[in-house]
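A.B. asks: A predicted structure for the sequence below; I have some questions about it.
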Amino acid sequence: MKNNILLNTFWGVLSLFFLNACEDSLMGSVYQTTSEQMLDEYMDEHLGEFLKIVHKSDYRGMLHAYGAYTCLAPTDEAVRKFMEKEGKTIDELTKEEADAYVGYHIIGDTISSARFEDGKMPTPNIRGYYLTTKTESDESGNVYVMVDRKARMVTKDVLLGNGVLHVIDAVLEKPELTLRQQVAVLPTEKYSLFKDLFAEYEEYLAGVMTNDTTYTVYVQSNETFNDEGIHNKAELLVRLKKNMVGIAEDELVKNFLAYHIGIGRRYIVDLLGGTSAVMTKVENQVITSTMDGQSIVLNRFKSASSYEAGIELLRNSEYTDLTCEDGVMQEVGGLLEIKIRSAYRVDFDMCDLPQIKSDPAYRKETKKFKMKDLNQDVKFESDRGSGNPDITYGVVNMSDDNPSMNLNQQYVNGDYLTFSITTGGFVKAFEFTLPLLIDGTYKVWLCYCHSSSSKRGPILKTTFKQENRDDQVLEKTATIAQVKTIVYEKDANGKTKQDFRGVDMVNHAEMEREYGWKQYTYKPDKSMNSILLGTIKVYSSGRHTIRFDMVEKYGDKNYRFDMIQFIPATENQVWPMLDMKGNQIEEDSPEIDDIWPYK
């Protein structure tokens, strides 16, 4: 009984400690938890003026406690100049003012200079703003880092007991201008048309850009309008009417401006590494971004019937990656306009993941990746908890003189993704972030290679997910080890028909109608499979998600996934087919020996 009393007392005291710690979040108090020098102690020795502001704020306790912080601390001279500019002394600062200044200089993450990229830092400061860094050099060739376009970093990577400290030569301040205000102060000689439109529709834009979220505004110079023969609002309306027929002029301009307003902050680093799409303030309209070498191209569209080259985001512009009070500004090098686009076919290669595409092995050699390392545009769920199973990126030899090429390896683009799907083992569910899908209705086809002698394999349930909409569970489960049967057309005597080239004729209509199968690679074989999973409705253009959950297991095999096809429901689901190099092959194709693989 005595032991129980002591134990209960111990847990009671411990509970009170944690409750109090959570309640005040280390604000306004000093806690010592390590013998190492802490952030505030270093400031006490080297950056006393900034520490005075810290002491007036609620953050002194946090900077003295154990944790993982980054502090960008200004020099004493920088603080004195700043206070002189403000026309007051540190003693005259209110606690709220001190909180605002100090909080803007602290990040709740340990960020060494090795993690700096030109653009936003990987974590926002504790006031919710992203600081930016940029590597520059002076006339003498000295290389240095600018922080928030204002302060030069004079000392970096001071490692302390609760984080890292960088010394800067100016006090940082949160941006004062909103995006609309920043547009208003753009240089008139270069941006007059865009500025005038924003000013004329200020009341409308104030209702569009509410304060409940952040935005990205894409600005255009006069030159981008002039290149399209547009010098004033009247000429802009002539252009807009070509793409948006039957809409009132006032609405055309409002939609044009709202289309330049993306929802959420998108800095350059958010656009690197792949294809993305951001919703705009025009319903169901997105701005896509695609990497082309080191360039970021907006609204590049490619379908079977058309190609739009898109416009470049001007990465080196003074008005790109410019943080404002309610978001970030970017400058584009062309006319950013709404175009009515119909739903079009998307052949999604499941191997086109950013981490794989950036690897030297991409489309050159087979390589194993760790499941948890492929964390961009794909998620795997495993029953092994902390395990990190291998995922194989497979490549077949596609040299023109490869005599071993056969019809059982017709992976489009010559690559595939392999992982084991089991219960109590490796992957039990996986989902992909898809390329851009234009709003419309699509049939969804899973394309894979049957790679075992068994006709049974894991049964997968497929779910299509899009924001602010109910999930769509597709009608058919997929047994991915199942081998399709090629159905050939027969003559009156039951013999297989041949076309004018002497090639056996496949009865595509019966395969699709009766079996939910189709041939997606041009040369028929017994291993490459395409199963119709069902039909989806895309309500708004964008990058959505498809998820596969294992609902039943047979065997323990690795299965080779090639692609997922999204084909508008009103279009032909069979033609065009694909060859191994990703070329679309129409029904009236040339000689079969002229289509890859040749042998």
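C.D. replies: Noted; the coordinates are in hand.

A.B. asks: just the strands in the stretch 151-300 of the chain please.
C.D. replies: Under the criterion DSSP state E, counting those that start in this stretch, the stretch 151-300 of the chain contains strands at 151-160, 163-168, 215-219, 261-263, 276-279, 286-292, 295-298.

A.B. asks: Show me how far the last one is from its chain's centre.
C.D. replies: It stands for strand 295-298. Remark: strand 295-298 is offset 14 Å from the chain centroid, using C-alpha atoms, centre = their mean, to the nearest Å.

A.B. asks: That strand pairs with which strands, and in what direction?
C.D. replies: Sheet pairing here is set by DSSP bridges, and for strand 295-298 it gives strand 286-292 (antiparallel), strand 311-312 (antiparallel).

A.B. asks: which residues are in contact with the last one?
C.D. replies: Right, strand 311-312. Residues outside strand 311-312 that contact it (C-beta atoms under 8 Å, 6 or more residues apart in numbering) are 224, 295-299, 332-336. In this view, the C-beta of every residue, glycine as well, is placed from N, C-alpha and C.

A.B. asks: picking that back up, of the strands of the stretch 151-300 of the chain, which stretch is the most buried?
C.D. replies: Of all those, strand 215-219 has the most neighbours on average by mean count of other C-beta atoms under 10 Å, namely a mean of 24.

A.B. asks: quick one, strands of the stretch 301-450 of the chain?
C.D. replies: 301-302, 307-308, 311-312, 322-324, 327-331, 346-349, 367-370, 378-382, 390-395, 415-420, 427-437, 440-449.

A.B. asks: So for N142, which of the ones you listed sits nearest?
C.D. replies: strand 322-324 (25.1 Å; C-beta to C-beta).

A.B. asks: Partner strands of the closest one, with direction?
C.D. replies: For strand 322-324, pairing defined by DSSP bridges yields strand 327-331 (antiparallel).

A.B. asks: Show me which residues of the partner strand are buried.
C.D. replies: 327-331 (16 or more other C-beta atoms under 10 Å).

A.B. asks: Could you break the chain into its assigned domains?
C.D. replies: Here the domain parsing of the chain from automatic domain parsing is 24-168, 179-331, 346-594.

A.B. asks: R547 touches K465, doesn't it?
C.D. replies: Yes. Assessed by C-beta atoms under 8 Å, R547 is found in contact with K465 at 6.2 Å.

A.B. asks: which residues are common contacts for those two?
C.D. replies: Common contacts of R547 and K465 (C-beta under 8 Å, 6+ apart): E431.

A.B. asks: burial count for the residue nearest to T570 when sequence neighbours are not counted?
C.D. replies: Leaving aside its sequence neighbours, T570 sits nearest to T441 (C-beta to C-beta, 6 or more residues apart in numbering; 7.8 Å). By other C-beta atoms under 10 Å, the residues close to T441 number 12.

A.B. asks: And the residue nearest the centre of the chain?
C.D. replies: Residue closest to the mean C-alpha point of the chain, counted by C-alpha atoms, centre = their mean, is S276 at 5.1 Å.

A.B. asks: List the beta-bridge partners for the closest residue in space to that residue that isn't next to it in sequence.
C.D. replies: Nearest residue to S276, sequence neighbours excluded (C-beta to C-beta, 6+ apart): S289, at 5.2 Å. Per DSSP bridges, the residues bridged to S289 are S276, L298.

A.B. asks: Model confidence score at S289, please.
C.D. replies: The per-residue pLDDT reported for S289 equals 88.

A.B. asks: ditto for R180
C.D. replies: Note for R180: predicted pLDDT of 97.

A.B. asks: That one: what's it in contact with?
C.D. replies: R180 makes contact with 198, 202, 205-206, 209, according to C-beta under 8 Å, 6+ apart.

A.B. asks: Just the strands from the stretch 1-150 of the chain, written as ranges.
C.D. replies: Secondary structure of the stretch 1-150 of the chain (DSSP E, counting those that start in this stretch): strands located at 69-74, 106-107, 119-120, 132-137, 143-147.

A.B. asks: Could you check how far R149 is from T178?
C.D. replies: 17 Å (C-beta to C-beta, to the nearest Å).

A.B. asks: ah, wrong one, I meant D439
C.D. replies: For D439 relative to T178 (C-beta to C-beta), the value is 31 Å.

A.B. asks: The strands of the stretch 301-450 of the chain: lowest mean pLDDT?
C.D. replies: Among the strands of the stretch 301-450 of the chain, strand 301-302 scores lowest, with a mean of 80.

A.B. asks: Check which helices and strands that strand is in contact with.
C.D. replies: With contacts taken as 3 or more C-beta pairs under 8 Å, 6 or more residues apart in numbering; DSSP states H and E, strand 301-302 sits against strand 307-308.

A.B. asks: circling back: would you mind finding the most buried of the strands of the stretch 301-450 of the chain?
C.D. replies: strand 327-331 (a mean of 24).

A.B. asks: got the CA positions of it in CSV?
C.D. replies: The C-alpha coordinates for strand 327-331 follow below in CSV (Å, rounded to 0.1, in the frame of the first residue of the first chain):
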residue,chain,number,x,y,z
GLY,A,327,1.2,35.1,-50.2
VAL,A,328,3.9,35.2,-52.8
MET,A,329,4.3,37.0,-56.2
GLN,A,330,5.7,35.3,-59.3
GLU,A,331,6.4,36.8,-62.8
